[in-house]
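Colleague: give me a model of this one.
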Amino acid sequence: MAFCSTLLLRVSPCSEASAYLYGKAFHYAKLVVIAMVDTLIPCGIMQSSPELTFLHASAAAKFLTQSASAYSITQQLEIKTLLYQLSRSYSSPDATIDHIHAPARHAAHINRLIDDLGP
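Modeller: Just a heads-up that it's a prediction; the model follows:
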């Protein structure tokens with residue numbers, strides 16, 4: 001999975017040859033974030049999950065923000081909304097035990113990604 005994440009972070013949405021791959025990667029990165037926000041965190045099981053679970057969602061968030069300027073305004077708004085929901089979910093009591101637990105650190109990282117996207 002780590003190799004695939006690294007490979008997808010290097011794919012450019014501007015190349016016609018990689019447009020299909022990039023579109024699929026964008027779709028599945030959104031699904032990872034949506035699954036974390038809508039299913040995994042509300043269950044409460046994320047308090048005892050390994051940090052790798054949070055790392056996958058953070059890698060998907062980084063992928064979504066890497067070329068945000070190449071997306072349409074609608075997609076940019078969707079990305080910001082998803083990342084805001086993920087950050088709020090990571091900070092919720094359903095996901096974190098205390099301020100040093102993995103979700104709290106990943107929430108800070110995602111907040112930096114949101115800030116980097118601009119207004």
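
Colleague: helix, strand, or coil at residue 112?
Modeller: helix (DSSP: H, G, I helix; E, B strand; the rest coil).

Colleague: tell me how far it lies from residue 105.
Modeller: Note on residue 112: its distance to residue 105, by CB to CB, to the nearest Å, is 11 Å. Quick note: C-beta positions are derived from backbone N, CA and C, even for glycine.

Colleague: the two: who's more crowded?
Modeller: When residue 112 and residue 105 are compared on other CB atoms under 10 Å, the one with more neighbours turns out to be residue 105, at 16 against 11.

Colleague: what mean pLDDT does the helix or strand containing the more buried one get?
Modeller: Take DSSP states H and E as the rule and residue 105 turns out to sit in helix 102-117. Per-residue pLDDT values across helix 102-117 average out to 85.

Colleague: buried sites along it?
Modeller: Residues of helix 102-117 classed as buried under the neighbour-count rule (16 or more other CB atoms under 10 Å) are 102-107, 110-111, 113-114.

Colleague: state which helix of this structure is the longest.
Modeller: When the chain is parsed with DSSP state H, its longest helix is helix 73-91.

Colleague: what does that helix rub up against?
Modeller: Taking contacts as CB atoms under 8 Å, 6 or more residues apart in numbering, the residues outside helix 73-91 that touch it are 26, 30, 33-34, 36-37, 41-42, 54, 57, 61, 64-65, 68, 71, 95-96, 103-104, 106-107, 110-111, 113-114, 117.
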